[in-house]
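A.B. asks: Got a predicted model here, sequence first, then my questions.
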Amino acid sequence: MIIKRALLKSWRGITFIPHWILDSVFLGIDKKNIIWTRNIRLIPRKKFRKGARTSYAEYGHVIGIFQTLIKQNLKSENNVRILDIGCGTGLMGMASEPILFEGGHYTGIDLIDNNVKYCKAHFDPKYFNFILSEATNSAYNPGGIVKKTKWDLKDNTFDLVTALSVWTHLDEDDAVFYLKEVKRVLKPGGRAIITFFFLNELYRAGIDQRVKRESFFHMTSPGKWVFDKPVYDSKNWFCPQWARVPESAIGINEKGMDKLLKESGLEINSIMAGNWKEIPGVYFQDIIIFEKPKK
C-alpha cells in the first residue's frame, strides 16, 4: 500500500500513473508478442532511450530505417565489420544485430561512460564491443580530457561506419578531424552513413514555411530549425539562435560539405533529404552516404 501511494499521483480526485511505470509494463507485455522483428527486444526502458527519441514507437521506427540502410550499403553480409560513432545506448547496434550473425562484429564509440556501461551490460560481447572516448564536446561531454584524438582502431578495418546525429553536434575542426578518421578506418570501397543538417538550396527554399509551421505548433520558438548563427566564427558551420552552446545543434552549408570532402578524401554516394526541410523524408535529419575510393 505504501508503494502504491508513492507511485500513484492524484490531482482533484483523478489518479495518474507515472509514465515510467506504464512504459515498463507495456514493454514487458509487448516484447512477449514479438514474432518477426527480434532485434527490437533490445529496446530499453524510457530512461535509457536517448537522443530525443524517447517514444517506444519512434525508437523502433528509427531502428527499422537504419537496419534497411545498413543492409543496402554493405557489399557483403559475411564477416562484416561495423563501426558506430556516438553509439549512445545502442540504437544502431540494434539496427545492426540481424546482420552480424554470419561472423560479423559491431564496435560502438561514445563520449558518455554510462552509455558505454549500459551497452556492455545489454549486448552480446560475442558480436558487440563498446569503447569510451574521452574527447571533449561542449554539449555532451564538456569535461572531456582531450579536445580530439584518433580512435584506437586499425586502418582499413571496417566495411561500414554509422553516425546518427553526431556531425550535427561537431564544430568545423572536429567535423573535419573525425571525418578523416572515418576515411582512415574504412576499407577501400567501404561506406559511411552519417546524418547532417545540410544547409543547401532545399533548406533555404523551405525556411519561410518552416518558420510558419513552428510559429503555429511551438508558438514561443518559431525558427527552431533555422541555422543562422555562425559557429565559433566559421563561415560554413551554423547553429540556431536558441543554442545554449553551438554544439547543441549544428548545420553546414555546401561550402562546408565541399571542405569535408576535400579534407577527408571521401566521396558522396547519395543524399537523402530529411523531413525537417518540410518535405517527405526517410528520416528527420538529412542522411548522407559517403564512400571511400577503392584506390
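C.D. replies: Everything's here; your move. It should be emphasised that the depicted structure is a prediction, and the values quoted were computed from it without experimental measurement.

A.B. asks: ok, which stretches of this structure are helices?
C.D. replies: In the chain, the segments counted as helices under DSSP state H are 2-7, 19-30, 56-72, 91-96, 113-122, 172-185, 201-205, 207-218, 254-264.

A.B. asks: Ok, which of these comes nearest residue 79?
C.D. replies: Residue 79 lies closest to helix 91-96 among these, at 13.7 Å (CB to CB). Backbone N, C-alpha and C define where each C-beta goes, glycine included.

A.B. asks: Name the surrounding residues that touch that closest one.
C.D. replies: By CB atoms under 8 Å, 6 or more residues apart in numbering, the surrounding residues in contact with helix 91-96 are 39-40, 42-43, 50-51, 53, 59, 62-64, 66-67, 70, 82, 84, 87, 104, 106, 108, 119, 123, 128, 162, 164.

A.B. asks: Extract the C-alpha trace of it and format it as CSV.
C.D. replies: C-alpha atoms of helix 91-96 as CSV (Å, rounded to 0.1, in the frame of the first residue of the first chain):
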residue,chain,number,x,y,z
LEU,A,91,20.1,2.1,-31.3
MET,A,92,22.4,1.4,-34.2
GLY,A,93,23.6,-1.7,-32.5
MET,A,94,20.0,-3.0,-32.5
ALA,A,95,19.7,-2.0,-36.2
SER,A,96,23.0,-3.9,-37.0
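
A.B. asks: ok, back up a step: out of the helices of the chain, deepest packed?
C.D. replies: Each of the helices of the chain was scored by mean neighbour count; the highest is helix 91-96, a mean of 27, by mean count of other CB atoms under 10 Å.

A.B. asks: what stretches of the stretch 1-150 of the chain score poorly on pLDDT?
C.D. replies: Residue ranges of the stretch 1-150 of the chain with pLDDT under 70: 1-17, 19-20, 51-53.

A.B. asks: got the contact list for residue 239?
C.D. replies: For residue 239, the set of contacting residues under the criterion of CB under 8 Å, 6+ apart consists of 227, 229, 231, 246-251.

A.B. asks: ok, residue 160 - contacts?
C.D. replies: Taking CB under 8 Å, 6+ apart as the contact definition, residue 160 lies against 70, 73-74, 80-83, 190-193.

A.B. asks: want to throw those into a markdown table with distance to residue 144?
C.D. replies: Shown next, in a markdown table, are these (distance: CB to CB, whole Å):
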| residue | distance to residue 144 |
| --- | --- |
| 70 | 28 |
| 73 | 30 |
| 74 | 32 |
| 80 | 30 |
| 81 | 26 |
| 82 | 25 |
| 83 | 20 |
| 190 | 28 |
| 191 | 28 |
| 192 | 23 |
| 193 | 25 |
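
A.B. asks: quick one: which of these sit in strands?
C.D. replies: Among these, the residues falling in strands (DSSP state E) are 81-83, 190-193.

A.B. asks: Now flag whichever of these is closest to residue 34.
C.D. replies: residue 82 (22.8 Å).

A.B. asks: Touching, residue 146 and residue 174? I think so.
C.D. replies: No - using CB atoms under 8 Å, residue 146 and residue 174 do not qualify as a contacting pair, with a distance of 11.5 Å.

A.B. asks: could you check the distance from residue 232 over to residue 295?
C.D. replies: Shown here: residue 232 relative to residue 295, a distance of 36 Å by CB to CB, to the nearest Å.

A.B. asks: hmm, I was thinking of residue 176
C.D. replies: Taking CB to CB as the criterion, residue 176 is separated from residue 295 by 22 Å.

A.B. asks: quick revisit: okay, residue 232 and residue 295: which has more neighbours?
C.D. replies: Neighbours were tallied for residue 232 and for residue 295 using other CB atoms under 10 Å; the higher tally belongs to residue 232 (12 against 4).

A.B. asks: Count the neighbours of the residue nearest to that one when sequence neighbours are not counted for me.
C.D. replies: Using CB to CB, 6 or more residues apart in numbering and skipping the chain neighbours, the partner closest in space to residue 232 is residue 171 (5.7 Å). As a burial measure, residue 171 scores 19 neighbours (other CB under 10 Å).

A.B. asks: Just to check, residue 171 is in contact with residue 245?
C.D. replies: No - checked against CB under 8 Å, the pair residue 171 and residue 245 is beyond contact range at 9.9 Å.

A.B. asks: Would you write a PyMOL line that selects the buried entries of the contacts of residue 239?
C.D. replies: Selection command for PyMOL covering only the buried members of the contacts of residue 239, criterion 16 or more other CB atoms under 10 Å:
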select buried, resi 227+231+246+247+249+250+251
